[in-house]
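A.B. asks: give me a 3D structure for the following:
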Amino acid sequence: MLLKRIQPMMFQARRLYVDIMFQVMGRALQAVSEVDETVRKEARGLPKGLLFEMTVMPSGPSLVVEHTGDGQFRYHGQIAPRPVNLSIQFKHMAHAFLVLSFQEKTAVAFAHDRMVVDGDLSYAVRMTRVLNRLETFILPRLIAKRAVKEYPAGLHLPEKLISAARIYRRVATQFLQTARA
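C.D. replies: Got it, this is the predicted structure:
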């Protein structure tokens with residue numbers, strides 16, 4: 001009887017967590033594209049105007065980011081202003097939770113068929129590398145090593161801390177601007 005009451009609360013908690021993580025990730029993607037030249041270089045391989053979506057099927061939380069050109073991203077929230085070009089979709093909320101709580105690497109989730117890519121696979125690989133770079137900056141090294149396929153050997157603590165501070169400052173600023181609007 002107690003289990004029947006707890007399960008819906010667990011599902012709601014996971015959904016809330018995934019929703020918050022998507023909001024943070026979307027804003028952080030915009031911020032990292034303003035801060036890190038490696039990310040900009042990777043993103044320059046994407047066409048200008050590309051809309052990237054990460055979502056939970058069938059109608060769960062999502063994030064939408066647009067490549068505005070020259071390696072820059074702009075976060076649009078959960079609703080795309082036009083049809084998306086690239087979508088990475090988690091098949092279930094539990095799968096999204098595993099990846100976004102850093103219990104499972106994105107590559108492992110994809111290998112276990114927990115995600116679907118709709119769009120150009122080469123763009124999806126680029127976006128995955130951008131997301132991995134972002135995670136190496138904003139997560140503690142121990143957690144980032146669990147989250148990304150390979151932690152960059154050349155990323156030293158001073159660079160990581162400075163970049164992380166700049167990214168978090170921009171994310172916080174974006175949240176404040178959204179709250180004021």
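
A.B. asks: I figured Ala147 was touching Lys105, is that so?
C.D. replies: Yes. Using C-beta atoms under 8 Å as the test, Ala147 is close enough to Lys105 to be in contact (6.3 Å). C-beta coordinates here come from the backbone N, C-alpha and C atoms, glycine included.

A.B. asks: tell me the helix or strand right after the strand or helix carrying Lys4.
C.D. replies: Using DSSP states H and E, Lys4 sits within helix 2-35. Heading C-terminal from helix 2-35, the first helix or strand you meet, by DSSP H and E, is helix 37-43.

A.B. asks: for that next one, buried residues please.
C.D. replies: Along helix 37-43, the positions that meet the burial threshold by neighbour count (16 or more other C-beta atoms under 10 Å) are 38-40, 42-43.

A.B. asks: next one: the spatially most central residue of the chain from Glu159, what distance?
C.D. replies: Within the chain, one residue has its C-alpha closest to the average C-alpha position: by C-alpha atoms, centre = their mean, that is Met25, at 4.2 Å. Distance check for Met25 against Glu159: by C-beta to C-beta, to the nearest Å, it reads 21 Å.

A.B. asks: mind putting the buried residues of helix 37-43 in CSV, pLDDT and distance to Pro58 included?
C.D. replies: Written out in CSV, the entries for the buried residues of helix 37-43 read as follows (pLDDT from 0 to 100; distance: C-beta to C-beta, whole Å):
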residue, pLDDT, distance to Pro58
Thr38, 94, 35
Val39, 96, 31
Arg40, 96, 34
Glu42, 96, 30
Ala43, 97, 29
